[in-house]
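Trainee: Please find the sequence and the predicted model below.
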Amino acid sequence: MDAKKQNILPVTQADMQEQQASMDRIRQINDGYTLQNGRPRFAYVLTFGCQQNEADSEKIAGMCRQMGYRISDGPENCDLIVVNTCAIREHAEIKALSTIGQFKHLKEKNRELVIAVCGCMVSQSHRVEQIKKSYPYVDFVFGTASLHRFPELLGRKLSLGRRLFESDTATYALAEGIPVDRSHPFKAWVSIMYGCNNFCSYCIVPYVRGRERSRDRRAVYDEVADLVSRGYRDITLLGQNVNSYGKSEHMDYDFADLLKDLSGIPGDYRLRFMTSHPKDASDKLIDVMADHPHIARHFHLPLQSGSDRILKAMNRHYDLDRFLHCADYIRKRMPDCVLTSDIIVGFPGETDEDFERTLEALKLIRFDMLYSFLFSPRVGTPAASMPDPVPEDVKGARFRRLLEVQNEIALEKNREAVGSTLTVLCDGPSKENGSLMAGRTDGNKIVFFEGEPGDAGCFLDVRVDRADPYALYGTRI
Ligand code: SAH
Ligand code: SF4
Ligand code: F3S
């Protein structure tokens, strides 16, 4: 089947009723188990990959809870383990596979343990085959399109006993009404759309998450309003390319309209979104951000490369000029807006000259922060079969050079904040800096400061005293 023209199957009311019936059935079994054994059954959900996967895992955990499982924070002594995988780069897949490998001994200790693997990695047939052959202790596998069918699949596994491999040959439309078990007390993810239609030549996402489909605007509005009323302070709208919200549905209502309506919800909160594709980031969207204080002043706009030749080979549909227009307009309307980006180093055929263009672009645009990646060939994508004469050590040297250039820029940009007072949403005690609290600015920069445990979840004013390339350090005032 042509991946670009995938069928989209509806999710009917009957489908969702079937899931509810499965959840009720499994809950009965688990309640019986608790009565007999004096302990509940435990489930552990492990997530690799992006925020979209984090959001999906919160739904898996929500369904587990409705099925009577307690959510555990580790795999030991659990009755169900669900591994939600990522396929964006080879490293992500290797990490997931080696983690799954480590669960073998748990299965040997407890034959009744059920191990499920889901998400982007197993939305590829060669990985499903690999799990089937080499990981015999994995009980069932389901791809991203079958997320809402998790209760039905678990029910089938429990009653039939044999292994199940649900390979997705179609994309399902959106399923509403899946229970969510949010992992954070005051920060929340809200998926506004799924899938991607862009087929950047290096990227596996369109193949493993199917075609773009957007949620109904009312469903999104109600979810965000509910979160705000329950005290959520930081809400991130998620989609692979939020700027094409509503396009596949031919809605006469775009992402800028959605953001404007959401920012009218009264309350004490920040709205964020990711990711924006530079080809679709409109002046209208930037105007809405500038005019609505609930929308955080952070724009993540992945450039990928500063060379027009490489951008074309990447199938990105913009050139450096178009990108510069976006960046300039963002800074014109919001001089304090934090701008971050993604860069791929070592795309097939990237020459020294192409790479220099990227460095020049970084020096010109001056991103506050950069996520940089070495190109990783993904099975089935066009870039994986492009000739690539550049040796690995040259790519490594480019990567290090990129980090050097960016670190200098990030340090300069962070130092500009020294002396100013910023509003920081306190996350709680910092993991990295022992006695300090950690928080995030409106632009999503991390700030360390002395505070009290009760500060978590509060917006505080912090004066910035010093900076390094990765963080700000300040005093609460
Ligand atoms: N939808 C988002 C990106 C999702 S993937 C967007 O379009 O911006 C996040 C980042 O991973 C991408 O921006 C890209 O920089 C990187 N990436 C994707 N595929 C990759 C690959 N095959 N090798 C290396 N990096 C990759
Ligand atoms: Fe991948 Fe491109 Fe889609 Fe982003 S826009 S998910 S990089 S195909
Ligand atoms: Fe996200 Fe990885 Fe899938 S980045 S969309 S979890 S391939």
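Mentor: Thanks, I have the structure now. Residues are numbered from 1 along each chain as shown. Ligands and ions are numbered 1, 2, ... in the order given.
Trainee: List, one by one, the residues from the chain near ligand 2.
Mentor: 196, 198-200, 203, 205-206, 240-241, 277 (Cβ under 6 Å from any ligand atom). Where C-beta positions appear, they are placed from N, C-alpha and C, glycine not excepted.
Trainee: Now the buried members of these.
Mentor: By neighbour count, with 16 or more other Cβ atoms under 10 Å, these hold 196, 198, 200, 203, 205-206, 240-241, 277 as buried.
Trainee: Let me see the backbone angles for the closest residue to ligand 3 within the stretch 1-150 of the chain.
Mentor: Per Cβ to the nearest ligand atom, residue 49 is where the stretch 1-150 of the chain lies closest to ligand 3, at 2.6 Å. Main-chain dihedrals, residue 49, degrees, to the nearest 10: phi 100, psi -160.
Trainee: Can you name the element that comes right after the helix or strand of the chain with the lowest mean pLDDT?
Mentor: Taking mean pLDDT, DSSP states H and E as the measure, the chain has strand 171-172 as its least confident helix or strand, at a mean of 72. The first helix or strand that comes after strand 171-172 along the chain, using DSSP states H and E, is strand 187-191.
Trainee: CA atoms of that next one as PDB?
Mentor: This file holds the C-alpha atoms of strand 187-191, laid out as PDB (Å, rounded to 0.1, in the frame of the first residue of the first chain):
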ATOM      1  CA  LYS A 187       1.900  20.500  33.700                       C
ATOM      2  CA  ALA A 188      -0.200  18.800  31.000                       C
ATOM      3  CA  TRP A 189       0.100  17.600  27.400                       C
ATOM      4  CA  VAL A 190      -2.900  18.000  25.100                       C
ATOM      5  CA  SER A 191      -2.700  16.400  21.700                       C
END
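Trainee: Give me the contact list for the host helix or strand of residue 400.
Mentor: Element membership for residue 400 (DSSP H and E) is helix 392-415. Under the criterion Cβ atoms under 8 Å, 6 or more residues apart in numbering, residues 343, 345-346, 350, 355, 358-359, 362-363, 366-370, 372, 374-375, 445, 467-472 lie in contact with helix 392-415.
Trainee: Separate out the buried members of those.
Mentor: The neighbour-count test (16+ other Cβ under 10 Å) marks 343, 345-346, 350, 355, 358-359, 362, 367-370, 372, 374-375, 445, 467, 469, 471-472 as buried among the contacts of helix 392-415.
Trainee: Next step: those residues restricted to helices.
Mentor: Within those, residues falling in helices by DSSP state H are 355, 358-359, 362.
Trainee: which residues touch residue 229?
Mentor: Residues near residue 229 by Cβ under 8 Å, 6+ apart: residue 267.
Trainee: quick one, phi/psi of it?
Mentor: Per-residue torsions, residue 229: phi -70, psi -20 (degrees, to the nearest 10).
Trainee: Ok, residue 310 next?
Mentor: Phi and psi for residue 310, reported as degrees, to the nearest 10, are phi -70, psi -40.
Trainee: My guess is residue 285 contacts residue 256. True?
Mentor: Yes: counting by Cβ atoms under 8 Å, residue 256 is a contact partner of residue 285 at 4.3 Å.
Trainee: Same drill for the two, tell me which one is more crowded.
Mentor: residue 285 (26 against 19; other Cβ atoms under 10 Å).
Trainee: and that one, that one's in a helix?
Mentor: Yes: judged by DSSP: H, G, I helix; E, B strand; the rest coil, residue 285 forms part of a helix.
Trainee: Run through this protein and note the low-pLDDT ranges.
Mentor: Residue ranges of the chain with pLDDT under 70: 1-3, 5-6, 167-170.
Trainee: is it true that residue 425 touches residue 234?
Mentor: Yes: the pair residue 425 / residue 234 is scored as a contact, 5.7 Å apart, by Cβ under 8 Å.
Trainee: Show me the common contact partners of the two, please.
Mentor: Counting by Cβ under 8 Å, 6+ apart, the shared contacts of residue 425 and residue 234 are 186, 270, 440.
Trainee: what is the second one paired to in the beta sheet?
Mentor: Bridge pairing for residue 270 (DSSP bridges) gives the partners residue 234.
Trainee: so does the helix holding residue 400 get close to ligand 1?
Mentor: No: using Cβ under 6 Å from any ligand atom, helix 392-415 stays clear of ligand 1, with a minimum separation of 11.1 Å.
Trainee: So which bits of that helix are buried?
Mentor: Neighbour-count burial for helix 392-415 flags 395, 398-399, 402, 405-406, 409-410, 413-414 (criterion: 16+ other Cβ under 10 Å).
Trainee: Dump those residues to TSV, plus distance to residue 102.
Mentor: What follows is the buried residues of helix 392-415, written out as TSV (distance: Cβ to Cβ, whole Å):
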residue	distance to residue 102
395	30
398	34
399	29
402	33
405	38
406	34
409	39
410	35
413	40
414	38
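Trainee: could I get those residues as TSV with distance to ligand 3?
Mentor: Listed next are the buried residues of helix 392-415 as TSV, based on distance: Cβ to the nearest ligand atom, whole Å:
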residue	distance to ligand 3
395	21
398	23
399	19
402	21
405	25
406	21
409	25
410	23
413	26
414	27
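Trainee: Residue 92: which of these is nearest?
Mentor: If you rank the buried residues of helix 392-415 by distance to residue 92 using Cβ to Cβ, residue 399 comes first, at 17.4 Å.
Trainee: Roughly how far does that closest one sit from residue 54?
Mentor: Distance, residue 399 to residue 54, using Cβ to Cβ, to the nearest Å: 26 Å.
Trainee: try residue 472
Mentor: According to Cβ to Cβ, residue 472 stands 25 Å off from residue 54.
Trainee: still on that earlier bit, and residue 425 and residue 234? which has more neighbours close in?
Mentor: When residue 425 is set against residue 234 and neighbours are counted by other Cβ under 10 Å, the residue ahead is residue 425, at 23 against 20.
Trainee: Need the three-state assignment for the more buried one.
Mentor: Per three-state DSSP, the secondary structure class of residue 425 is strand.
Trainee: beta partners for it?
Mentor: Going by DSSP bridges, residue 425 is paired in beta bridges with residue 440, residue 459.
Trainee: Go ahead and measure how far the least confident helix or strand of the chain is from the middle of the chain.
Mentor: Centre-to-centre, strand 171-172 and its host chain are 19 Å apart (Cα atoms, centre = their mean, to the nearest Å).
Trainee: That strand pairs with which strands?
Mentor: When DSSP bridges is applied, strand 171-172 pairs with strand 8-9 (parallel).
Trainee: Tell me which other helices or strands the next helix or strand after the strand it pairs with touches.
Mentor: Scanning forward in sequence from strand 8-9 by DSSP H and E, the next helix or strand is helix 13-37. Counting contacts by 3 or more Cβ pairs under 8 Å, 6 or more residues apart in numbering; DSSP states H and E, helix 13-37 packs against strand 41-47, helix 51-66, helix 150-160.
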